[in-house]
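K.L.:
Prediction below, plus the sequence it came from.
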Amino acid sequence: MAAEKWKSWALKHPKEAENGGERERCVLPGRQLAEAGRFAYAALCGISLGWLFPENEQSSFRTEFIKGFVKWLDLPDAVLPAMTAFADGLGGEGTETFTEILLKDPILKENPLLITQVNCFPGLFSLQGSYDARARVLIFHISWLLRIPLEDLEVLEESLLESLKDQKEEESETAEVSRKKKERRKKLKRYLLIGLATVGGGTVIGLTGGLAAPLVAAGAATIIGSAGAAALGSTAGIAVMASLFGAAGAGLTGYKMKKRVGAIEEFEFLPLTEGKQLHITIAITGWLCTGKYGNFTAPWSSMLHSSEQYCLAWESKYLMELGNALDSLLNGFVSMMAQEALKFTVLSGIVTALTWPASLLTVASVIDNPWGVCLHRSAEVGKHLAHILLSRQQGQRPVTLIGFSLGARVIYFCLQEMAQEKDSQGIIEDVVLLGAPVEGEAKHWKALTRVVSGRIINGFCRGDWLLNFVYRTSSVQLNVAGLQPVDLDDRRMVNMDLSSVVNGHLDYMKQMNTILKAVGIKTKECQPEDKGSGSLSFRQAKKSQRAAHSKAHGEENTRKEEDEAGSE
């Protein structure tokens with residue numbers, strides 16, 4: 001595990017791990033690199049920014065980030081124009097060269113794990129105590145280029161969070177007076193500049209009011225290094241916790257709709273896990289049914305994408321009616337007729353009302369009304385979710401959204417609504433839409449790229465006859481995202497054919513554990529009960545996640561090479 005590696009290194013370098021804070025001046029991780037390594041690292045960051053976020057509306061983010069990064073690395077101002085040019089999309093062909101130079105840096109040969117600190121801190125906290133989703137995507141992208149295991153970064157995030165929590169819990173009014181006296185006495189020796197103090201043209205990151213932060217406990221320094229721990233003093237810790245996790249620390253669990261909003265009758269966040277994390281995941285269920293799947297959390301019981309996960313409870317009355325209608329439609333002879341419909345419509349690519357068996361059409365009213373009601377309400381719920389996220393009820397940290405069926409539709413309309421608002425960037429990291437009953441035309445999805453920093457995953461099943469059936473009265477030209485790939489030329493767009501996993505629409509609920517693994521989302525099956533257990537091990541789950549991540553990067557690199565070839 002990454003944490004053990006950190007501790008192992010700390011045991012070999014006890015003075016650096018335990019006494020780093022007593023030095024007059026501690027060299028920040030990035031500044032321990034040789035000048036060539038620092039230049040290569042800044043260039044790699046600039047090139048990655050230009051490729052990940054090339055849009056005009058991302059220009060200010062690219063410029064401010066690279067400006068702060070150059071200062072953080074203590075590079076001369078003369079290199080800033082070159083780095084800005086990289087961030088604007090020039091010089092992308094130098095990625096491999098700069099990567100090799102950085103990996104050959106002498107300090108990394110002595111302590112290879114230092115690169116994890118070097119890579120994580122520049123993006124971890126930006127202005128006003130915010131962990132921007134774009135920064136996290138950049139961190140993970142550069143980590144992939146530098147062959148850093150994603151687990152190492154996650155351990156570092158968890159360690160930073162624990163340091164913040166420890167400082168906040170220990171604070172009291174009495175202790176505050178004593179602490180301030182101690183801080184004044186020791187600040188010449190124990191205060192270090194925060195790694196990102198120069199982000200935003202010399203503006204301190206909004207956590208310490210211009211003061212440098214005191215060191216945290218030796219335990220945190222052992223794992224993340226004394227220089228890294230310097231960014232998490234008690235004054236900063238309280239401010240960061242308040243900003244990162246929302247008002248009064250309540251976050252999403254503290255939100256409950258006090259009164260009806262438009263047509264919405266129910267909207268509430270239910271915790272799936274009890275932990276806290278620097279990034280969160282929100283799952284959205286598509287319908288409810290009697291029995292095992294009679295509550296919103298049931299389909300997500302195996303998901304562990306983050307230590308802090310929520311499920312959105314919305315319009316349960318109508319989703320239960322829809323679930324009952326689905327059961328009625330699929331029971332008995334209707335199920336057999338549906339299989340015939342599959343043969344003659346889905347496989348042949350013909351979707352018209354005339355091709356559906358008359359016996360199936362006679363019971364269409366069972367599904368049509370509740371489906372139509374939920375289509376409308378899911379769009380309204382999505383718009384309301386957008387404004388909750390824009391208000392930062394969840395705090396200033398990246399959010400991943402995952403939903404199936406009408407839950408995916410909620411996400412789609414949430415993103416569409418966010419795209420129309422200002423300051424909507426840097427909130428959403430990844431989105432996963434499974435069997436989404438929404439438009440599949442690329443032009444409708446383009447707006448989502450303005451909001452999503454990481455990946456937009458469209459999980460579809462070509463043989464989903466039920467989704468075909470409910471759209472039977474629509475225009476023949478209508479493309480449905482849950483039935484086919486979305487042909488959007490953007491590095492964020494990832495289409496995943498789940499036909500080998502999903503036999504029909506109801507499988508999105510029943511086979512969620514398998515589907516999550518297929519799209520690279522971590523699950524709770526981390527430790528088999530015994531050596532002979534057939535359950536997926538943590539390492540296997542991680543391997544699946546890395547494979548999905550690498551696949552996406554492979555597609556991105558292919559597009560990148562094609563773009564470069566086309567420009568020659």
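P.N.:
It's in. Numbers count the residues shown, from 1 in each chain.
K.L.:
Which phi and psi values does residue 453 adopt?
P.N.:
phi -90, psi -30 (degrees, to the nearest 10).
K.L.:
Any idea how many residues pack against it?
P.N.:
24 (other CB atoms under 10 Å). The way it works is simple: take the backbone N, C-alpha and C, and place the C-beta from them, glycine included.
K.L.:
Show the contacting residues for it.
P.N.:
Counting by CB atoms under 8 Å, 6 or more residues apart in numbering, residue 453 makes contact with 52-53, 132-134, 136-137, 398, 425-426, 428-429.
K.L.:
Would you mind putting these into JSON lines with distance to residue 437 alongside?
P.N.:
Output for those, formatted as JSON lines (distance: CB to CB, whole Å):
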{"residue": "52", "distance to residue 437": "30"}
{"residue": "53", "distance to residue 437": "30"}
{"residue": "132", "distance to residue 437": "31"}
{"residue": "133", "distance to residue 437": "26"}
{"residue": "134", "distance to residue 437": "29"}
{"residue": "136", "distance to residue 437": "30"}
{"residue": "137", "distance to residue 437": "28"}
{"residue": "398", "distance to residue 437": "27"}
{"residue": "425", "distance to residue 437": "27"}
{"residue": "426", "distance to residue 437": "28"}
{"residue": "428", "distance to residue 437": "21"}
{"residue": "429", "distance to residue 437": "24"}
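K.L.:
In strands only, show me those.
P.N.:
428-429 (DSSP state E).
K.L.:
Any of the contacts of residue 453 buried? List them.
P.N.:
Among those, those scoring as buried are 52-53, 132-134, 136-137, 398, 425-426, 428-429 (criterion: 16 or more other CB atoms under 10 Å).
K.L.:
Can you get me a residue count around the closest residue to residue 97 other than its chain neighbours?
P.N.:
Once flanking residues are discounted, residue 97 sits nearest to residue 40: 7.9 Å by CB to CB, 6 or more residues apart in numbering. Neighbour count for residue 40, taken as other CB under 10 Å: 22.
K.L.:
where's residue 40, which helix or strand?
P.N.:
helix 35-52 (DSSP states H and E).
K.L.:
and if you look at residue 495?
P.N.:
strand 493-497.
K.L.:
Pop the domain breakdown of this protein in here.
P.N.:
In terms of domains, the chain is parsed into 2-245, 249-524 (source: automatic domain parsing).
K.L.:
And the ones you listed, which one averages the lowest pLDDT?
P.N.:
When the domains of the chain are compared by mean pLDDT, domain 2-245 comes last with a mean of 63.
K.L.:
Can you point out the buried residues in stretch 64-78?
P.N.:
For stretch 64-78, burial by neighbour count (16+ other CB under 10 Å) applies to 64-73, 75.
K.L.:
Report the next helix or strand after the helix or strand harbouring residue 270 in sequence order.
P.N.:
Using DSSP H and E, residue 270 sits within strand 267-271. The first helix or strand that comes after strand 267-271 along the chain, using DSSP H and E, is strand 280-284.
K.L.:
Check what contacts that next one and list those residues.
P.N.:
With contact meaning CB under 8 Å, 6+ apart, strand 280-284 is reached by 252, 269, 272, 299-300, 303, 305-306, 308-312, 314, 394, 397-404, 407-408, 410-411.
K.L.:
List the contacts of residue 39.
P.N.:
75, 79.
K.L.:
Please apply the same query to residue 447.
P.N.:
415-416, 419-420.
K.L.:
doesn't it fall inside a strand?
P.N.:
No. Using DSSP: H, G, I helix; E, B strand; the rest coil, the assignment for residue 447 is helix, not a strand.
K.L.:
can you map out the strands along the chain?
P.N.:
Secondary structure of the chain (DSSP E): strands at 267-271, 280-284, 309-314, 399-404, 428-434, 456-460, 493-497.
K.L.:
Okay, now the sheet partners of the fourth one, with direction.
P.N.:
In its sheet, strand 399-404 lies beside strand 280-284 (parallel), strand 428-434 (parallel), with partners assigned from DSSP bridges.
K.L.:
could you dump those strands to CSV with distance to residue 485?
P.N.:
Formatted as CSV, these follow (distance: least, CB to CB, whole Å):
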stretch, distance to residue 485
strand 280-284, 22
strand 428-434, 12
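K.L.:
To residue 103, which of these lies closest?
P.N.:
Among the strands paired with strand 399-404, the nearest to residue 103 by CB to CB is strand 428-434 (26.4 Å).
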